[in-house]
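Participant: I would like to see how this sequence folds:
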Amino acid sequence: MRKVFIKTHGCQMNEYDSEKMLDLLAAKDDFTPTDNPEDADLLVLNTCSIREKAQEKVFHQIGRWKKLKDKNPHVKIAIGGCVASQEGKKITQRAPAVDIVFGPQTLHRLPNMYKDASQTFNRQLDVSFPKIEKFDYLPQSNTDEVTAFVSIAEGCNKYCSFCVVPHTRGHEVSRPVEDILLEINSLANRGVREINLLGQNVNNFKGTYRDKKTSLAFLIEKTSEIKGIDRIRYTTSHPYEFKDDLVELYKHVPELVSHVHLPVQSGSDRILKLMRRRYTASRYLDLIARIRANRPNISFSSDFIVGFPGESDKDFQDTMDLVEEVAFDESFSFVYSPRPNTPAAEMEDDISQEIKKERLAILQHKLNELSSKISRKMVGTTENCLVIGVSKKNPGELQARTENNRVVNFASNHDKIGKFVNIKIVDQLTNSLRGKLERF
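Facilitator: Sure, this is the predicted structure:
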């Protein structure tokens, strides 16, 4: 059997795509995954273009893999994902060691591209956007995990001024509900207990059901009816597209977890307008309040960009005020980095790197403080947790997740994996919680 090594950069959508590549290669070419790139017949880099210097990271990795190819000329190097979509033929021109370049929407063609590259010795390039064709070719998952990602939509139409996603993943397109439910049913039959519905703009889902357009709320309700699926998450949300029916769902669907990742990016209306986010800080706060009215114990996490072109001290303070008011759980924050072919890259950026880093440090300190406060409040409580596997820190313990996505390590037998258990939180650590299994 041939071996494949896949290195994944970026978001959960890329993780899902990498899993599907493994399934495809196993089904069509008898590939088996390896954790050692030196053993691989095919090296795949699934790339992300969200952060600055993404392209350089790709070429640095290609350089490292070229040394392996020099030793074993039969080895093929494939570059996929968003940088591949963005750069296309430029990758093979700059790095002749690369044999295959494919985009997020053409990953299903990877087995044939590998075969052609092996037989003809010609470089293969396909970064087209055939909508959701790829989902018609993906085999059923053979996962043995208890949680799983399910991609329900691709692309984005928002064209935020800082974002490359519409250029690298194309326009929004939703999968039919029937197809999604078949995939989830298959996962449930394999023992999956928690589903995470994925999309670049997931809450603008408009998949058809019996030839009628539906919504994310409709899909979640249908998913909650599937036997074995006890937790439902979704990501990534856009506040502008957060529909009323989704807000209402928090009243009566217990399978929908009490945690929402809702990227705000900035608390300044002026910066939000420059970002083309289509909402104001007050509208965002109103949405938070309406969700909390239906699910009082819900927690929120978010994404923040610091140092966007023209961000003033007041703009940054507006962000800090919003952070304080919402009291976010674990969140992600970054210094703004210009991305190719985006309007923001053409804006005058008069903020020094020193100020940007200072603001990021202030924001991250506050976010960590709020997250730690939530963790401290959890100590002494009993949480219903899904046991997801063996602890990464101690193979003699198990690891579980709370509804608000916190990792809990605790001592127990392996027969608890895949089950929901009540765990008393006994301590707060930097990146996790410690717990004790409650027995009744």
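
Participant: And F420, how far from R434?
Facilitator: 19 Å (Cβ to Cβ, to the nearest Å). Heads up, the C-betas are built off the backbone N, CA and C, glycines and all.

Participant: leaving aside the residues next to it on the chain, what's closest to H238?
Facilitator: N201 (5.0 Å; Cβ to Cβ, 6 or more residues apart in numbering).

Participant: R434 too?
Facilitator: D427 (4.0 Å).

Participant: Which phi and psi values does the one you found adopt?
Facilitator: phi -160, psi 150 (degrees, to the nearest 10).

Participant: What are the boundaries of the helices in the stretch 151-300 of the chain?
Facilitator: In the stretch 151-300 of the chain, the segments counted as helices under DSSP state H, counting those that start in this stretch are 165-169, 177-189, 216-224, 244-249, 269-274, 281-294.

Participant: can you list the ones you listed in CSV and add mean neighbour count, distance to D41 and mean pLDDT?
Facilitator: Output for the helices of the stretch 151-300 of the chain, formatted as CSV (neighbours: other Cβ atoms under 10 Å; distance: least, Cβ to Cβ, whole Å; pLDDT from 0 to 100):
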stretch, mean neighbour count, distance to D41, mean pLDDT
helix 165-169, 22, 28, 88
helix 177-189, 18, 29, 96
helix 216-224, 21, 38, 98
helix 244-249, 16, 45, 97
helix 269-274, 19, 48, 98
helix 281-294, 16, 49, 98
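
Participant: I'd like the ones you listed written out as a markdown table, with distance to R439 added.
Facilitator: Converted to a markdown table, these look like this (distance: least, Cβ to Cβ, whole Å):
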| stretch | distance to R439 |
| --- | --- |
| helix 165-169 | 47 |
| helix 177-189 | 28 |
| helix 216-224 | 29 |
| helix 244-249 | 34 |
| helix 269-274 | 50 |
| helix 281-294 | 33 |
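
Participant: Output the longest helix belonging to this protein.
Facilitator: helix 353-378 (DSSP state H).

Participant: tell me the mean pLDDT over it?
Facilitator: For helix 353-378, mean pLDDT is 96.

Participant: Next, the buried residues of it.
Facilitator: Using 16 or more other Cβ atoms under 10 Å as the test for burial, helix 353-378 gives 356, 359-360, 363-364, 366-367, 370-371, 374-375, 378.

Participant: right, and the helix or strand after that helix?
Facilitator: strand 382-390 (DSSP states H and E).

Participant: List the strands paired with that next one, with their directions.
Facilitator: strand 398-401 (antiparallel), strand 420-428 (antiparallel) (DSSP bridges).

Participant: What is the burial count for S432?
Facilitator: Neighbourhood size, S432 [other Cβ atoms under 10 Å]: 17.

Participant: Now it: closest residue in space that isn't a chain neighbour?
Facilitator: V407 (4.3 Å).

Participant: Run through this protein and note the low-pLDDT ranges.
Facilitator: Scanning the chain for pLDDT under 70 picks out 440.

Participant: part of a strand, is G80?
Facilitator: Yes - assessed with DSSP: H, G, I helix; E, B strand; the rest coil, G80 lies in a strand.

Participant: Please look at it and K20 and confirm they touch.
Facilitator: No - in this structure G80 lies outside contact range of K20 using Cβ atoms under 8 Å: 10.9 Å.

Participant: neighbour-wise, which of those two wins?
Facilitator: Using other Cβ under 10 Å, the more surrounded residue of G80 and K20 is G80, with 27 against 21.

Participant: what sits opposite that one in the beta ladder?
Facilitator: Going by DSSP bridges, G80 forms beta bridges with N46.

Participant: okay, now H60: neighbour count?
Facilitator: Using other Cβ under 10 Å, H60 has 11 neighbouring residues.

Participant: How about residues contacting the helix or strand where it lies?
Facilitator: Remark: H60 resides in helix 54-71, with elements defined by DSSP H and E. Residues from elsewhere that reach helix 54-71, judged by Cβ atoms under 8 Å, 6 or more residues apart in numbering: 7, 9, 37-38, 40, 43, 45, 47-49, 75, 77, 79, 82-83, 86-87, 91, 94-95, 97-98.

Participant: any idea which helix or strand carries D116?
Facilitator: helix 110-120.

Participant: how distant is the longest helix of the chain from the center of its chain?
Facilitator: What separates the centre of helix 353-378 from the centre of its chain is 22 Å, taken as Cα atoms, centre = their mean, to the nearest Å.

Participant: Equivalent analysis for stretch 107-125, please.
Facilitator: 28 Å.

Participant: Same question for stretch 426-440.
Facilitator: 26 Å.

Participant: what's it in contact with?
Facilitator: Here stretch 426-440 has contacts from 372, 375-376, 378-380, 382-383, 385, 393, 400, 402, 406-412, 416, 421-425, using Cβ under 8 Å, 6+ apart.

Participant: hang on, isn't the residue nearest to H238 packed against N157?
Facilitator: Yes - in this structure, N201 is within contact of N157 by Cβ under 8 Å, at 7.3 Å.

Participant: Need the overlap of contacts for those two.
Facilitator: Common neighbours of N201 and N157, counting by Cβ under 8 Å, 6+ apart, are E172.
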